[in-house]
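Enquirer: here is a sequence with its predicted model. Questions after.
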Amino acid sequence: MSLFYSLDGHFHPDVALKTRTDVDGKFSFHRVEAAKFILSAQLAGSKMIFFSGTHDATKTEIIEVYDGKPLSRLVIRVSRSSQSR
């Protein structure tokens, strides 16, 4: 899982926080400052998928984090069929 800073509303692949999911696919990021972000998921050997289900970073939904307001229940579905060949 990657959380890319997107202060200007665009995808910047060089500025990100990263974490892994647990066995149930749940994840969390700690100490995230208030800002705009793009969330993505990627299985080993697969294409990156952006929230909420696109491979195109320009069509992703921007997530805004506010001070003291936790985000939850964000879902990205990653299938093995999206693996690179």
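Expert: Alright, I've got the coordinates.
Enquirer: in terms of contact, does Ile76 touch Thr54 like I think?
Expert: No. Contact status for Ile76 versus Thr54: not in contact, 9.8 Å apart, counting by Cβ atoms under 8 Å. C-betas here are computed from N, CA, C, even on glycine.
Enquirer: could I get the buried residue list for the lowest-mean-pLDDT helix or strand in the chain?
Expert: Among the helical and strand segments of the chain, the one scoring lowest on mean pLDDT, DSSP states H and E is strand 63-65, with a mean of 87. Of the residues in strand 63-65, those buried under the neighbour-count criterion (16 or more other Cβ atoms under 10 Å) are 63, 65.
Enquirer: pairing partners for that strand, with directions?
Expert: For strand 63-65, the paired strands and their directions (DSSP bridges) read strand 35-41 (antiparallel).
Enquirer: which positions within the partner strand qualify as buried?
Expert: Counting neighbours by 16+ other Cβ under 10 Å, one finds that the buried residues in strand 35-41 are 37-41.
Enquirer: can you tell me the closest non-neighbouring residue to the residue positioned nearest the centre of the chain?
Expert: Centroid-nearest residue in the chain: Leu39, 1.8 Å away (criterion: Cα atoms, centre = their mean). Distances taken as Cβ to Cβ, 6 or more residues apart in numbering place Phe51 nearest to Leu39, at 4.1 Å, with adjacent residues excluded.
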